[in-house]
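The following comprises the amino acid sequence and a computationally predicted model.
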Amino acid sequence: MLIRRKRAGKCVSFAQPPCPESSAQWQALDKELPADHRARMVVEQMYALDLSSLEASYLGTGSAPYRPDLMLRIALIEIQSGRHSPSQWFRDNRENKALQWAGLGIKPSRSCWHQFYDRVAPYLLAWNGQVLEAAQRQGQTTATRAAQDGSLVGANASRHQLLNSERLQKRLGQLQQQIANDEASAVASGLEVTAAPTPTIQPVPGWMATTATGRQAQQQRYEKAQAHLRERLDANAQRNPAKQQEPKKVVISVGDPEAIPGRDKEKVFRPLYNVQLVCDLDSPFFLGYEVFAQSSDAGTLEPMLERTADLTGRKPATLLVDAGYVTGADLALCAAAGVALYGPWLENDYSKKDEEHLGKDKFVWLPEENAYRCPQGHRLTPIGKERRFHVDGRSEVQYRYRCAPVNCRTCPLREACTSNPERGRSLRRSEYEDLISAHKARMDTPEAKQLYKLRRQTVELGFADLKEHRKIRRFWGRGLARAQAQVGFAVLSHNLAALAASPAGEDNRQSVAANASDERR
């Protein structure tokens, strides 16, 4: 028997599950499953998701596919238990009675699960938005107060096989030479290249694939890694000379060239991805998520605000962050977006250099004169400006001011004020200085200090849940897209559980489930 769903003027036929709810086998499983089992929660909450786009993605030709809603049930139950790999879903689905209950007895193959994972990935963002929309409609969250943070998660790649440009080029040369030998051997033997035997003229290195087909695929991976490494070398060359790495220390993982090598929380140098979360201050919901191929939080505030707006329909009016997100450019961004940013201001190297002696706060800014007045009443007048670049690629203008040397030579505070009175005391002023001063003043208020305590009670617990309960300490797949899909799945699973936890969510589940049951009949 087939189940037919309409798709853009066509009728897509899905295979009838072997154990429908009316069958004795499913009824027996239903009696064994505890009333509070997480599988029941997932199945109930699934009816809140619009799966029409997913169903429409099937071509409607060939053999009838499994119902995608049943496969999604199984996937979300597995993710609730911290199992993210489709191969693990395949094994568990044949042994776990709760999964057989949720999937009405379907048993897709391993390759079918992997294809389903890739098929579902583009819809995760929309589904997370639907859950948050339902939460706002039910009054579970206003999505106006949030906290953001990032955490480094290991990529699915070896930390022992990181190559710099020289080693990568050497291996690629050896690989190309071996492939040329394969082609010559195939021509001499009258065989296809993929069937050519491994030449015995020289020993094949241990890192090289042992078959002709494998070497051709390996060459493609190495060429992709070389392109990524070239981009990183160019980016490193454009950084501030004081912060540049030696070219030979810029390395890449051939297994996952999109991952960025860096030190994780345990100080292990390995390929990493940066997971960013925006957590609601007033509810357990995740309001935004993303995965970045970078080792720092710099430059992630703007895309995370946009992602939160995509999911909730608005940017948070209040956002708590740590010092890594608070820069002049970020303050300007939040001011333009109407977002009140709360986080400690961390002075950069240039500001610290200016404040090795008397701090800038001891000098009075005179906006009408475009000058500073020192504690002794002397003026620091403008002498030029310079553009400073940050690690995230953004830049800001720093205006420079200096006091006349004649004033500093005879000043009674010269020892405490400057190390070189012959040049005169100098200061730098950022183009965002007014926003920075206002931010410092706001963070010094008792209200801001009390509010900021909520940050560690929300976003820190969010990452603890992902890493401890959802087991996201290392990604199962390779590449940025797979990492983003895995986090999207985990966030969807988390938010569905949060939606189910409230009385409003319970009433809504029962109503929607009853309607869905009528439709199936």
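Looks like it came in fine. Quick caveat: nothing in here was measured; it's all calculated off a predicted structure. Numbers count the residues shown, from 1 in each chain.

The closest residue to residue 264 other than its chain neighbours: what's it in contact with?
Spatial nearest neighbour of residue 264, chain neighbours left out: residue 152 (5.0 Å); criterion: Cβ to Cβ, 6 or more residues apart in numbering. The way it works is simple: take the backbone N, C-alpha and C, and place the C-beta from them, glycine included. Residues near residue 152 by Cβ atoms under 8 Å, 6 or more residues apart in numbering: 262, 264, 265, 272, 273, 274, 275, 295.

hey, where'd the strands end up in the stretch 251-400 of the chain?
All strands of the stretch 251-400 of the chain, identified by DSSP state E, counting those that start in this stretch, fall at 252-253, 260-263, 269-280, 286-292, 318-320, 340-342, 364-366, 371-373, 379-389, 395-403.

So which of those strands is nearest residue 463?
Closest approach to residue 463 among these (Cβ to Cβ): strand 269-280, 6.6 Å.

quick revisit: quick one: the residue nearest to residue 264 is in a strand?
Yes - the assignment for residue 152 is a strand, going by DSSP: H, G, I helix; E, B strand; the rest coil.

beta partners of it?
Taking DSSP bridges as the rule, residue 152 bridges to residue 274.

Need the winner for burial among the strands of the stretch 251-400 of the chain.
Most buried of the strands of the stretch 251-400 of the chain by mean neighbour count (mean count of other Cβ atoms under 10 Å) is strand 252-253; its value is a mean of 28.

Which residues does it contact?
With Cβ under 8 Å, 6+ apart as the criterion, strand 252-253 contacts 155, 157-158, 161-164, 168, 225, 228-229, 232, 259, 261, 271.

Which members of these occur in helices, if any?
Judged by DSSP state H, those include 168, 225, 228, 229, 232 as members of helices.

With neighbour count and distance to residue 464 added, can I get those in a markdown table?
As requested, the ones in helices among the contacts of strand 252-253 are exported to a markdown table (neighbours: other Cβ atoms under 10 Å; distance: Cβ to Cβ, whole Å):
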| residue | neighbour count | distance to residue 464 |
| --- | --- | --- |
| 168 | 21 | 37 |
| 225 | 21 | 34 |
| 228 | 18 | 32 |
| 229 | 21 | 34 |
| 232 | 18 | 31 |
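
With distance to residue 479 and pLDDT as extra columns, can I get those in CSV?
As requested, those are arranged in CSV below (distance: Cβ to Cβ, whole Å; pLDDT from 0 to 100):
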residue, distance to residue 479, pLDDT
168, 18, 96
225, 12, 96
228, 11, 96
229, 16, 97
232, 16, 94
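
and which of those is nearest to residue 402?
Nearest member of the ones in helices among the contacts of strand 252-253 to residue 402, counting by Cβ to Cβ, is residue 232, at 38.2 Å.

Without its sequence neighbours, what residue ends up closest to that closest one?
With Cβ to Cβ, 6+ apart as the criterion, residue 232 has its nearest non-adjacent residue at 5.5 Å, and that residue is residue 250.

Pull the number of nearby residues for that neighbour.
17 (other Cβ atoms under 10 Å).

these two touch, right, it and residue 164?
Yes - contact between residue 250 and residue 164 holds when scored by Cβ atoms under 8 Å: they sit 6.4 Å apart.

what sits in contact with each of those two?
residue 229.

where in the stretch 301-450 of the chain is pLDDT low?
Filtered on pLDDT under 70, the stretch 301-450 of the chain yields the residue ranges 347-357.

try it again with 80
The stretch 301-450 of the chain contains residues with pLDDT under 80 at 346-357, 390-393.

Please apply the same query to the chain.
Those would be 1-12, 60-62, 188-203, 240, 242, 346-357, 390-393, 502-521, if you go by pLDDT under 80 across the chain.

and with 50 instead?
For the chain, applying pLDDT under 50 flags the ranges 1-2, 7-9, 200-201, 349-352, 354-355, 509, 512-521.

I believe residue 70 is in a strand; please confirm or correct that.
No - under three-state DSSP, residue 70 sits outside any strand and is assigned helix.

you'd agree it is up against residue 17?
Yes - between residue 70 and residue 17 there is a contact under Cβ under 8 Å: 6.2 Å.

got any residues that touch both of the two?
Common neighbours of residue 70 and residue 17 (Cβ under 8 Å, 6+ apart) are 103, 104, 106.

Show me the helices in the stretch 101-250 of the chain, by range?
Counting by DSSP state H, counting those that start in this stretch, the stretch 101-250 of the chain has these helices, from start to end: 110-120, 124-137, 165-189, 212-237.

Buried deepest among these, which one?
Greatest burial across these, using mean count of other Cβ under 10 Å, falls to helix 124-137, with a mean of 19.

For residue 402, see how far away the residue of the chain most remote from its centre is.
In the chain, the residue that sits farthest from the middle, by Cα atoms, centre = their mean, is residue 410; the gap is 56.0 Å. For residue 410, the distance to residue 402 equals 16 Å [Cβ to Cβ, to the nearest Å].

Kindly report the same for residue 189.
The value you get for residue 189 to residue 402, if Cβ to Cβ is used, is 79 Å.

Could you do residue 300 as well?
36 Å.

same thing with residue 224?
In terms of Cβ to Cβ, residue 224 sits 51 Å off from residue 402.

Tell me how many other residues crowd residue 407.
Neighbour count of residue 407, defined by other Cβ under 10 Å: 18.

so it makes contact with residue 424?
Yes - using Cβ under 8 Å, residue 407 is in contact with residue 424, at 7.1 Å.

domain ranges for this structure?
Domain segmentation of the chain under automatic domain parsing yields 2-140+502-520, 145-153+270-336+444-469, 162-254, 349-440.

Residue 244 is in contact with residue 234, isn't it?
No - in this structure residue 244 lies outside contact range of residue 234 using Cβ under 8 Å: 11.8 Å.

Could you check how far stretch 145-164 is from the centre of its chain?
Chain-centre distance of stretch 145-164: 9 Å, with Cα atoms, centre = their mean, to the nearest Å.

Next: stretch 473-490.
Relative to its chain's centre, stretch 473-490 lies at 9 Å (Cα atoms, centre = their mean).

Residues touching it, excluding its own?
75-76, 79, 84-85, 117-118, 120-121, 124-125, 128, 153-157, 255-256, 258, 273, 275, 289-291, 293, 466-467, 470, 472.

burial count for residue 337?
Residues near residue 337, counting by other Cβ under 10 Å: 16.

what does residue 36 give?
7.

ok, and the closest non-adjacent residue to residue 422?
residue 405 is the one closest to residue 422 (Cβ to Cβ, 6+ apart), at 5.7 Å.

likewise residue 409?
Closest to residue 409 by Cβ to Cβ, 6+ apart is residue 421, at 5.1 Å.

sorry, back to before: most neighbours among the shared contacts of residue 70 and residue 17, please name it.
Busiest of those [other Cβ under 10 Å] is residue 103, holding 27 neighbours.

who's in contact with that residue?
Applying Cβ under 8 Å, 6+ apart to residue 103 gives the contacts 17, 70, 71, 73, 74, 93.

rerun at 7 Å
70, 73, 74, 93 (Cβ atoms under 7 Å, 6 or more residues apart in numbering).
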